[in-house]
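Engineer: Okay, sequence plus prediction incoming.
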Amino acid sequence: MFHWRIAGVLIGLATCVSVAASPTPVASLTIQGDPVQSVGAPVVLNLLIRNTGAARMSYWCCGPGEYPDASDFVAMVARVGDQGLPQRLVLTNGQQPGASGRAMEVGPRRSVEFPVTIGLLLPGSYRITVFGARIDSASVVTWPATSTKKAFEVEVRHDNDLAASRDAQIIKRVRANDPFARYLAATWPRRAVREALVADVTGDDVVAADRAADGLWGDAEPAMVDGPLVARLILKHLQPPPDGCDIGLMTKLTRGSKPLESDDLKYAMAELAFSRPDGSIRQSAAAALARPNEPTVFGAHPTVDLAHVTNTKADQLKRHDSALLGAMLELARSADVHERKLAYRALAEFPASQAALDTIRTGLMDPDPGCQNVANTAMGIIVKRQATTQP
């Protein structure tokens, strides 16, 4: 699993004199951590790798932390008293794999310490050993094979005080922008941690809200169950702050590839597209509105019969449609070709709106031929729908 890092490691060593003649790196590996950990939370350890040789060694780092990727190491986990074979577990710590990064060096007599987790374990006592393969290319070793000489012993048990202390530590570290804590909070959510982060993300401090969003969702899009929370946050931050520091937060709230699943979320996204000036946030919101619910030409959704919904629901749908129409009429005036295309497509969903019809007609004379084609298709859809609704 190391081969994709080799090129980057060699780049990082290109300035070395006579690399091929360098002595082979040698290192020691030890495990550190709390000997007692709580059930229901991932077991967290620290690996300490010390360069015990005369040669520099290096590892490929893609972030977000400036330490090795834990997936380069494997743990053998044996339950005390169990006669079965040890369980082989790949370690993780939220570091990103990939070719985009940089080589980080560990010089002679230097060391690197970094956090890892083996995930959840059942109650019991365990012995853990860790090893990592060596990285080399063209007979040049850049990272030596390492293994622990002594097993680390840990007890996993039910302990409410220990769990509460651990949760408080994770909350504190997420607020301090610690990447490993964010990874733990998002991957293994715990109620106390989530409640604290929800309070942060709904507060007035945009920076704290941004960090809390990382702890809630990590690098993934917000979960479907969090749709109401996302809609509330979008409406709270419709207007950008003077310093523009909410770009990270709003990008997290608008990202994703799945259709918007609730009318409240569609309404909030439409309001955001309508409220923001030209820029990445408006484009993200508009793109979210265009995610198709069905594989049709324009992602059209079935018309809702307001006679069969409650007054409250009908009002919500009307608000959503009004906000979406306003946002798309605004996008149709954009200097961005892609935004105009998106607008013409979406306006086909408003056959009863004279403003939508006039805007699509204007699109037939758009200076961009692609926009003209989209507007022509949209006009055809509107004409067809009008024909089917006339007595």
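Structural biologist: The structure has been received and is ready for your questions. Numbers count the residues shown, from 1 in each chain.
Engineer: got any ranges where the stretch 1-150 of the chain has weak pLDDT?
Structural biologist: Counting by pLDDT under 70, the ranges of the stretch 1-150 of the chain that qualify are 1-22, 99, 137-141.
Engineer: please redo it, this time with the cut-off set to 80
Structural biologist: By pLDDT under 80, the weakly predicted segments of the stretch 1-150 of the chain are 1-23, 84, 98-99, 133, 135-141.
Engineer: As a check, name the ranges of all strands in the stretch 101-250 of the chain.
Structural biologist: In the stretch 101-250 of the chain, the strands defined using DSSP state E, counting those that start in this stretch lie at 102-106, 111-119, 124-132, 135-137, 140-143, 146-147, 152-157.
Engineer: what's the neighbour count on the residue nearest to P222 when sequence neighbours are not counted?
Structural biologist: Closest residue to P222 apart from its sequence neighbours, by Cβ to Cβ, 6 or more residues apart in numbering: V230 at 5.0 Å. Just so you know, the C-beta spots here come from the backbone N, C-alpha and C atoms, and that holds for glycine as well. Per other Cβ atoms under 10 Å, the neighbour tally for V230 reads 26.
Engineer: for V230, what are its contacts?
Structural biologist: 222, 253, 265, 268 (Cβ atoms under 8 Å, 6 or more residues apart in numbering).
Engineer: Got the phi and psi for the third one?
Structural biologist: Dihedral pair for L265: phi -70, psi -40, per degrees, to the nearest 10.
Engineer: So it is in contact with R232, correct?
Structural biologist: No - at 9.7 Å, L265 does not count as touching R232 under the criterion of Cβ atoms under 8 Å.
Engineer: Do a quick rundown of the helices in this protein.
Structural biologist: Taking DSSP state H, the helices of the chain run over residues 6-12, 160-175, 179-187, 191-201, 206-217, 227-236, 247-254, 263-275, 280-289, 311-331, 337-347, 354-363, 369-389.
Engineer: looking at those helices, which one has the lowest mean pLDDT?
Structural biologist: Among those, helix 6-12 carries the lowest mean pLDDT, a mean of 40.
Engineer: hmm, back to that, nearest to G53, of the helices of the chain?
Structural biologist: helix 6-12 (16.8 Å; Cβ to Cβ).
Engineer: A323 and L265 touch, don't they?
Structural biologist: No - counting by Cβ under 8 Å, A323 does not reach L265; the two are 11.7 Å apart.
Engineer: Looking at those two, which one has more neighbours?
Structural biologist: With neighbours defined as other Cβ under 10 Å, A323 and L265 compare such that L265 has more, 25 against 21.
Engineer: residue contacts, the more buried one?
Structural biologist: 227-228, 230-231, 234.
Engineer: Show me which of those are buried.
Structural biologist: With burial judged by 16 or more other Cβ atoms under 10 Å, the buried subset of these is 227, 230-231, 234.
Engineer: And the contacts of V230, which is closest to Y183?
Structural biologist: Using Cβ to Cβ, the contacts of V230 come closest to Y183 at P222, 16.5 Å.
Engineer: now the helices of the chain in JSON lines, with distance to D69?
Structural biologist: Formatted as JSON lines, the helices of the chain follow (distance: least, Cβ to Cβ, whole Å):
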{"stretch": "helix 6-12", "distance to D69": "12"}
{"stretch": "helix 160-175", "distance to D69": "19"}
{"stretch": "helix 179-187", "distance to D69": "12"}
{"stretch": "helix 191-201", "distance to D69": "24"}
{"stretch": "helix 206-217", "distance to D69": "19"}
{"stretch": "helix 227-236", "distance to D69": "30"}
{"stretch": "helix 247-254", "distance to D69": "23"}
{"stretch": "helix 263-275", "distance to D69": "35"}
{"stretch": "helix 280-289", "distance to D69": "29"}
{"stretch": "helix 311-331", "distance to D69": "41"}
{"stretch": "helix 337-347", "distance to D69": "36"}
{"stretch": "helix 354-363", "distance to D69": "49"}
{"stretch": "helix 369-389", "distance to D69": "42"}
